[in-house]
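[1] Next comes the sequence, and after it the predicted model I'd like to discuss.
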Amino acid sequence: MHSFLGWQRKLMVLGAACLLMGAGACVQPPSPSASPDAQRSSAPPPGASARQPPAAPPPAKDAGLATLPPLPSVAGEDKLQNALYQYVKEEISGAGTEGKISPDNGLKAAETVLKQAALVLNDKETSMRLFMYKYALRYLVERVLFLDPEADKKDAALAFFTKGQGHWVALNSEWEFEPFEEANYAVLYGSGKVTPRGPEGQTDAVPNPIWSTQVLLAIRTRNLSEMSRLHEAAGFGEAPQWPLEVYRQLFTYATTHRGEEQWDKISRVFNGKEFKGASWAEIGYGTGMIFPVLRRELGEDAKLYGTEIDDGCVVLVTLMERSGKAGWGHVELLPSRLDDCMLPENSVDFIHPGLVHIADGPDELVERDWLPLLASMKKALKPGGLLIIDNGGTPPLEKVRSVMARAGFEEVAVYVEDGTVANGLPIYYASYRAK
């Protein structure tokens, strides 16, 4: 989830997440020899602008990622990446000055990608570690089949991904698309039955299949300069220290299953407070992966709010909701500030700042941002409402207790996970109510 106080703190969480999730989440393969040119977007989604990114190829390595733990690459992945880069290059070069792509443009390059992918993913262990490629590969499979419904009966590489059934078939559980991921796929790749520029009716919008594949490659190779360039291409404003974080989450671990895990932990500190039909505010909703779980647990009529300061998250989650496939009904998405949650007064029964790291940082930060933010949350809570702390272990619980007391909250319940640590500290969950 999104770290509410900025991107430097997010890097600390990411480093711990990488260690916990293993090579499947943050792998550092050999850098490709060349990267594709930028693609221009002439009709961006809400909150985006149509700016042409610089076309210079990014450097192979970024000092900004030096703090992340090095993880081994997967054998053959570099060839798969190079095939994807070539596909993107073919699509962009074939677009012409008006940015129009014919349906069969890049088709040969797409088939080359699938052939290379079938070779690399033929090993079960490797396929489990490279599941993030499922978005791009499913798109290519569906695009080829859209142009030739009988293609998988003639092409063994294509049949590897369809089992000869004429549609995408997951290689294993990691390659399946549960409802939340289906919504992601609809936004990022438009279900494959379109031109490479994006979903029908949004053919020049970002996200689109080409931009999304470039993002995937930049994240997989940990190329911070490329991420920044693509961040700007999407019109998300000036790139923060860790740009495109929301897409990194989608491609690595953001699923409804992760949202369910989070709910299981935080619900242990409700202290018997009834949650069915309750109103809930998710502060720093990130990818929105907890929203389907909240809707299921709280009920169809429960009022859900979401606040977020990252433009990329706002655009993505807005588009996911519009897709109708997200599975969370309506969530009222609100703007937010570092020192103000911007929720209506006396409006919610629960406030959950997920991985917001309440009370972290020096005293001046506590005074400037945390105490005003907590004051705004206190106003937003209904009588007896709970503020759920879900900090991932940072900062230590004792510091949280001290700051919460200063903000006028009293502790209700605490749950500490056995044997789990982040940055050397135990991971805990706690609930507070206004004094």
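    Nice, thanks for sending it over.
[2] need the longest helix for this structure.
    In the chain, with assignment by DSSP state H, the single longest helix is helix 77-93.
[3] May I see the buried residues of that one?
    77-78, 80-92 (16 or more other C-beta atoms under 10 Å). All C-beta spots, glycine's among them, are computed from the backbone N, C-alpha and C.
[4] Residue 178 - how many residues pack around it?
    For residue 178, the neighbour count with other C-beta atoms under 10 Å is 13.
[5] Which residue, other than its chain neighbours, is closest to it?
    Counting by C-beta to C-beta, 6 or more residues apart in numbering, residue 256 is the residue found nearest to residue 178 once chain neighbours are left out, at 5.5 Å.
[6] can you check residue 372 too?
    Closest to residue 372 by C-beta to C-beta, 6+ apart is residue 339, at 4.0 Å.
[7] re the thing from before, with residue 130 as the reference, measure out to the residue nearest to residue 178.
    21 Å (C-beta to C-beta, to the nearest Å).
[8] Looking at the two, which one has more neighbours?
    When residue 256 and residue 130 are compared for neighbours, residue 130 comes out ahead with 26 against 21, by other C-beta under 10 Å.
[9] just curious, which of the buried residues of helix 77-93 is nearest to residue 324?
    Nearest to residue 324 among these is residue 91, at 27.4 Å by C-beta to C-beta.
[10] That closest one contacts residue 106, doesn't it?
    Yes. Using C-beta atoms under 8 Å, residue 91 is in contact with residue 106, at 4.3 Å.
[11] mind listing what residue 359 touches?
    Residue 359 makes contacts with 366, 370, 391, 395, 399, 400, 402, 403, 404, as judged by C-beta atoms under 8 Å, 6 or more residues apart in numbering.
[12] Make a ChimeraX selection of whichever of the residues you listed turn out to be buried.
    ChimeraX command restricting the contacts of residue 359 to the buried ones, with burial defined by 16+ other C-beta under 10 Å:
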select :366,370,391,395,399,400,403,404
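[13] which residues of the stretch 151-300 of the chain fall in strands?
    According to DSSP state E, counting those that start in this stretch, the stretch 151-300 of the chain carries its strands in the segments 280-283.
[14] show me where the stretch 151-300 of the chain has helices.
    156-162, 179-189, 209-220, 224-233, 245-252, 256-266, 291-298 (DSSP state H, counting those that start in this stretch).
[15] can these go into TSV with extra columns for mean pLDDT and distance to residue 414?
    Formatted as TSV, the helices of the stretch 151-300 of the chain follow (pLDDT from 0 to 100; distance: least, C-beta to C-beta, whole Å):
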stretch	mean pLDDT	distance to residue 414
helix 156-162	94	47
helix 179-189	88	29
helix 209-220	91	35
helix 224-233	88	37
helix 245-252	84	27
helix 256-266	89	12
helix 291-298	95	21
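[16] With that, I have no additional questions.
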